[in-house]
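S.K.: what's the 3D shape of this:
(chains A and B)
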2 protein chains.
Amino acid sequence: MPVRTVGLVGGGVIGSAWAARLLINGIDVRLYDPDPDLPSRMDKVLANALRAYRRMTLAPVAIRGELHIADSLEEAVCDADFIQESGPERIDLKKALFREIAGHARPEVIISSSSSGLLPTDMQDGIAHPERVIVGHPFNPVYLLPLVEIVGGEKTTEETKCRARDFYAEIGMHPLMVRKEVQAFLADRMMEALWRESLHLLNEGVATADELDQAIAYGPGIRWAFMGPYLTYRIAGGEGGMHHFMSQFGPSLKWPWTRFDGPDLTEELLNRVTEQSDDQAAGRSIVELERQRDNCIVSILQGLRVNDNAAGRVLSGYEEKLYRISHDGGRKGADLSDLDLARPLRLHAGVVPPEWVDYNNHMSESSYLQAIGDASDALFQLIGVDEHYHEKGLSYFTVETHLMHHSEITAGQSYYFETQILDLDSKRLHIHHAMHAAADDRVLATGEQMLLHVNTRESKSCPADPLVMGRLEKIFDGHRHLERPAHCGRSIGMPGR
Amino acid sequence: MPVRTVGLVGGGVIGSAWAARLLINGIDVRLYDPDPDLPSRMDKVLANALRAYRRMTLAPVAIRGELHIADSLEEAVCDADFIQESGPERIDLKKALFREIAGHARPEVIISSSSSGLLPTDMQDGIAHPERVIVGHPFNPVYLLPLVEIVGGEKTTEETKCRARDFYAEIGMHPLMVRKEVQAFLADRMMEALWRESLHLLNEGVATADELDQAIAYGPGIRWAFMGPYLTYRIAGGEGGMHHFMSQFGPSLKWPWTRFDGPDLTEELLNRVTEQSDDQAAGRSIVELERQRDNCIVSILQGLRVNDNAAGRVLSGYEEKLYRISHDGGRKGADLSDLDLARPLRLHAGVVPPEWVDYNNHMSESSYLQAIGDASDALFQLIGVDEHYHEKGLSYFTVETHLMHHSEITAGQSYYFETQILDLDSKRLHIHHAMHAAADDRVLATGEQMLLHVNTRESKSCPADPLVMGRLEKIFDGHRHLERPAHCGRSIGMPGR
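M.R.: Below you'll find the predicted structure:
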């Protein structure tokens, strides 16, 4: 039977976020919490969740379920198709709540606890139909993070666990079936070990809260966002993989690298770890795993850069430096008098990288424009429109581009650009780039562009700096005598009509 | 004195990745490792690092430093301005290496060890100029992850630590100064606690390696990519913050939620944690922290979705479901008769991904063309120019594009396209795309394009298939009555001259 209505008992940080996830998934919610602040908290959490979902996906997101704030626990659970309890972490309270819930719920309805670590066996003790009790442990914010650990007690049936798994998957989660009932389950056991070690370090003055957070968020945490310790260490082992890693770092398991003792690294344990790690890798080579890892790290750093947060800030600062390096290491002191200004400028060349071509080895349209942008950058460096210039709030923006495709080039082949200044005034710069194949000089594409000199702080056009204008004019003094490419000033249309 | 040459001792997974980071940053590297496979490994690591950097940033990235593979340790270190040791984790080996390095290095040159946990006091023992010895502990892959922990020994001067910090920051890293010398420092102590707990769980058959990895990567790991445990728990405390969290979960510090004992939660420790957490939050409210957290989680999930990895896969599966939900109430099928052909077509919408913007959050020119290409693809799907059509050797190629930039959009913002057919014959298709901001409908950019129908096997133009022509003509019957955007047929030039 499909779940149409969920009864929620407890509406704190976890319960209210469950409500948001369910409502967005079109499920009606009946929520009970005696806290008088509940309605205003629900409003805030729903607003946050909707905001996050709308940023996350293009798919249309709306509150499709109906929220009913119940006056009693009975009202919340009596008609529910699934019940999720999110009360305080005290086993006496949980036991009392479960007894009361079980007394009002239909007998086949699953009662799941959000507990971070208490045992379902204790919660199902002495209640009606104990076989339908589980822990379904989510992670804050419940409306965004996919993980939910499913833990059964001694009397829980396999069928209950499977039904719960299917339900959680339906609302966008990643259910993880826990094989054995242990306190704090899997994730929280590992988190708690890390947390207790960090509290010792803080307690002994080795580091502050913020330093300990930095030690996670700028390094190991970035990997943990997509792979746990086993895959991480398999890759760390290099071509030797997990067995190599375990043999190399095995002895350190006995060193005081944390206060806590690991298990003895018996031959049996070593073999089990190696085997399970092989299963997990499923035939992917270390090189393949490294590339997947790097791709994910790059995407995460880029995502954090947009949010100006943690390691994303390091990246944006670093990029500024990369632009500076390219300036210094590039055409430094590219004295205009070194250049033959009676010809188009040759400032930029490159090799087509594999990511510019599609599966048919055709270079994508946007990559042509990227190459043209690189050629414009080379011209900018030459005329002094560089990082320092940008820091003054001055730049050239492209307002118009006319792109023509003449011939094709494939990955690994070399190209170069010829760049010509067509026209110029204090605010406008009209240029033409021709991209040539290095092998036979044939024209691959041309780009005619109009650039506008802008004050980026005021977002309006302004005259270029006299030094920049001086350099441009010197080049244009040569280029004004060059023949214009025939297609310049061309407009798109169907002349044959 | 600026560091121009770094001597690297050890070229395994860590040492070779140090070389890649340094070379990309324009620093010359002299690398010593007796392993005969070193040159081929260096090639692979450099290729991986360059690939990752080119995906990560639009800034120009190249190997700007010079790599010299040294025949002896002496040759690697004697002329170096900074030395990084990345040998095996054995203190007897480290001590021998440090003595040898110190004997050949200039006296003021910093000697840093990549050790994950051994003490710099042991490494500096009995060597010449011990005050310049530190640990500079990086994280794999060293060329991408920013964290480096800086740890001094008993004889290390503060000046050495500060110089090392400045150097690491120069090469794009996030140096973290460790206040007290303890084994395994900060990050690895916490990682090791988590790792040992996970090994116990595997050893006792509670979970497999893959399940334990899932328990990290689909939940807590996603948060750890940008915030450590302290900020995470502050937010988990809700409006009550850290004090509330610690009081609520304080008792569980004594519960067997991991095998390991935490410190006693004395009044003093509770106050210290609360105070340091307040310092860290620096006045940001819980609501503000929650939004920053949600923004980062969303960006990470989107980044992982692009890579079809871990929680990103959950998101893409979930989105299909969201579309199915909306589909029931939305426009079903792509039947032309469902479309209003008296208006431009709305076939494509999207959210600006982080990789389309530079560090100033400006969308790159080539990304506009990529978005326009996506809009063309949506039109192709509608008229039947799809995979099957391409398999017959038939396609439309863009021969000419006129692009105009009107307004800006930043990462995370939504856009949509309006697409209009301007003209049409059996071989040519003349179209206009307008890219709008979803927030306020303003025009961001327009692209006018001429497409040519081609036989891709013979590389020459040919008439389109009658079915495709029929669909195009039906759309054009509506669109021919639409007003042409004023800039269509425009050519680039300076009319004011």
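
S.K.: Got the domain ranges for chain A?
M.R.: The domain map for chain A lists A:5-177, A:187-283, A:327-479, with the assignment taken from automatic domain parsing.

S.K.: could you dump those domains to TSV with distance to chain B, mean pLDDT and mean neighbour count?
M.R.: (C-beta placed from N, C-alpha, C; glycine too.) Below are these laid out as TSV (distance: least, Cβ to the nearest Cβ, whole Å; pLDDT from 0 to 100; neighbours: other Cβ atoms under 10 Å in any protein chain shown):
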stretch	distance to chain B	mean pLDDT	mean neighbour count
domain A:5-177	3	95	20
domain A:187-283	3	91	21
domain A:327-479	4	87	17
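
S.K.: can I get those domains in JSON lines with distance to residue B:194?
M.R.: Below are the domains of chain A laid out as JSON lines (distance: least, Cβ to Cβ, whole Å):
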{"stretch": "domain A:5-177", "distance to residue B:194": "16"}
{"stretch": "domain A:187-283", "distance to residue B:194": "4"}
{"stretch": "domain A:327-479", "distance to residue B:194": "35"}
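
S.K.: among these, which is nearest residue B:354?
M.R.: Residue B:354 lies closest to domain A:5-177 among the domains of chain A, at 11.7 Å (Cβ to Cβ).

S.K.: what's the span of that closest one, first residue to last?
M.R.: End-to-end distance for domain A:5-177, by Cα to Cα, to the nearest Å: 24 Å.

S.K.: what do you get for stretch A:299-314?
M.R.: The first and final residues of stretch A:299-314 sit 14 Å from each other (Cα to Cα).

S.K.: buried ones in it?
M.R.: For stretch A:299-314, burial by neighbour count (16 or more other Cβ atoms under 10 Å in any protein chain shown) applies to A:299-307, A:309-314.

S.K.: ok, and of those, which contact chain B?
M.R.: Near chain B, judged by Cβ under 8 Å from any Cβ of the partner chain, the entries from the buried residues of stretch A:299-314 are A:299-307, A:309-312, A:314.

S.K.: if we can go back for a sec, farthest pair in the buried residues of stretch A:299-314?
M.R.: So, the buried residues of stretch A:299-314 by Cβ to Cβ: farthest apart are A:299 and A:313, at 16.5 Å.

S.K.: With respect to pLDDT, which of the buried residues of stretch A:299-314 ranks lowest?
M.R.: Ranked by pLDDT, the buried residues of stretch A:299-314 bottom out at residue A:306, which scores 82.

S.K.: What residues does residue A:42 make contact with?
M.R.: A:11, A:16, A:19, A:31, A:67, A:69 (Cβ atoms under 8 Å, 6 or more residues apart in numbering or on different chains).

S.K.: can you tell me which of the residues you listed are in helices?
M.R.: If you go by DSSP state H, those have A:16, A:19 in helices.

S.K.: And the helices in the stretch 201-350 of chain A, which stretches?
M.R.: Counting by DSSP state H, counting those that start in this stretch, the segments of the stretch 201-350 of chain A that form helices are A:209-217, A:220-224, A:229-236, A:241-249, A:267-281, A:286-306, A:311-329.

S.K.: what comes into contact with the shortest one?
M.R.: It refers to helix A:220-224. With Cβ under 8 Å, 6+ apart as the test, helix A:220-224 has contacts from A:232, A:293, A:297, A:300-301, A:311, B:139, B:145, B:147, B:187, B:190-191, B:216-217, B:220-221, B:223-228.

S.K.: right, and residue A:362 touches residue A:408 too?
M.R.: Yes - Residue A:362 is in contact with residue A:408 according to Cβ atoms under 8 Å; the separation is 6.5 Å.

S.K.: how close does the residue lying closest to residue A:494 once chain neighbours are set aside get to residue A:97?
M.R.: The shortest distance from residue A:494 to any non-neighbouring residue, by Cβ to Cβ, 6 or more residues apart in numbering or on different chains, is to residue B:423 (5.2 Å). Separation of residue B:423 from residue A:97 (Cβ to Cβ, to the nearest Å): 70 Å.

S.K.: quick one, phi psi at residue A:107?
M.R.: Phi and psi for residue A:107, reported as degrees, to the nearest 10, are phi -60, psi -30.

S.K.: Now do the same contact list for it.
M.R.: Residues counted as contacts of residue A:107 (Cβ under 8 Å, 6+ apart) are A:128-129, A:132.

S.K.: rerun at 7 Å
M.R.: By Cβ atoms under 7 Å, 6 or more residues apart in numbering or on different chains, the contact list for residue A:107 reads A:128-129.

S.K.: Which residue lies nearest the spatial centre of chain A?
M.R.: With the centre of chain A defined as its mean C-alpha position, the nearest residue by Cα atoms, centre = their mean is residue A:300, 4.0 Å away.

S.K.: What segments of the stretch 1-150 of chain A are strands?
M.R.: Using DSSP state E, counting those that start in this stretch, the strands found in the stretch 1-150 of chain A span residues A:5-9, A:28-32, A:67-69, A:82-85, A:110-113, A:133-138, A:147-152.

S.K.: Can you spell out which helices and strands pack onto the second one?
M.R.: Helices and strands touching strand A:28-32, as assessed by 3 or more Cβ pairs under 7 Å, 6 or more residues apart in numbering or on different chains; DSSP states H and E, comprise strand A:5-9, helix A:13-24, strand A:67-69, helix A:73-77.

S.K.: With distance to residue A:356 added, can I get the ones you listed in JSON lines?
M.R.: Putting these into JSON lines (distance: least, Cβ to Cβ, whole Å) gives the following:
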{"stretch": "strand A:5-9", "distance to residue A:356": "49"}
{"stretch": "helix A:13-24", "distance to residue A:356": "39"}
{"stretch": "strand A:67-69", "distance to residue A:356": "50"}
{"stretch": "helix A:73-77", "distance to residue A:356": "57"}
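
S.K.: Would you mind telling me which of these is nearest residue B:181?
M.R.: Using Cβ to Cβ, the helices and strands packed on strand A:28-32 put helix A:13-24 closest to residue B:181, at 38.4 Å.

S.K.: secondary structure class for residue A:400?
M.R.: strand (DSSP: H, G, I helix; E, B strand; the rest coil).

S.K.: give me the beta-bridge partners of it?
M.R.: residue A:450, residue B:404 (DSSP bridges).

S.K.: Contacts only, for the nearest residue to residue A:280 once chain neighbours are set aside.
M.R.: Once flanking residues are discounted, residue A:280 sits nearest to residue B:210: 4.3 Å by Cβ to Cβ, 6+ apart. Residues in contact with residue B:210 (Cβ under 7 Å, 6+ apart) are A:276, A:279-280.

S.K.: can you rerun that using 8 Å?
M.R.: Listed by Cβ under 8 Å, 6+ apart, the contact set of residue B:210 reads A:230, A:276, A:279-280.

S.K.: How about residue A:434?
M.R.: Per Cβ under 8 Å, 6+ apart, neighbours of residue A:434: A:344, A:417-420, A:443, A:445-446, A:485.

S.K.: same deal with residue A:157?
M.R.: Contact analysis of residue A:157 by Cβ under 8 Å, 6+ apart lists A:131-132.

S.K.: Show the backbone phi and psi for it.
M.R.: Torsion angles, degrees, to the nearest 10, at residue A:157: phi -90, psi 160.

S.K.: I figured residue A:209 was touching residue B:277, is that so?
M.R.: Yes - counting by Cβ under 8 Å, residue A:209 touches residue B:277, with 5.4 Å between them.

S.K.: Quickly list what's touching both of those two.
M.R.: Joint contacts of residue A:209 and residue B:277 (Cβ under 8 Å, 6+ apart) are residue B:230.
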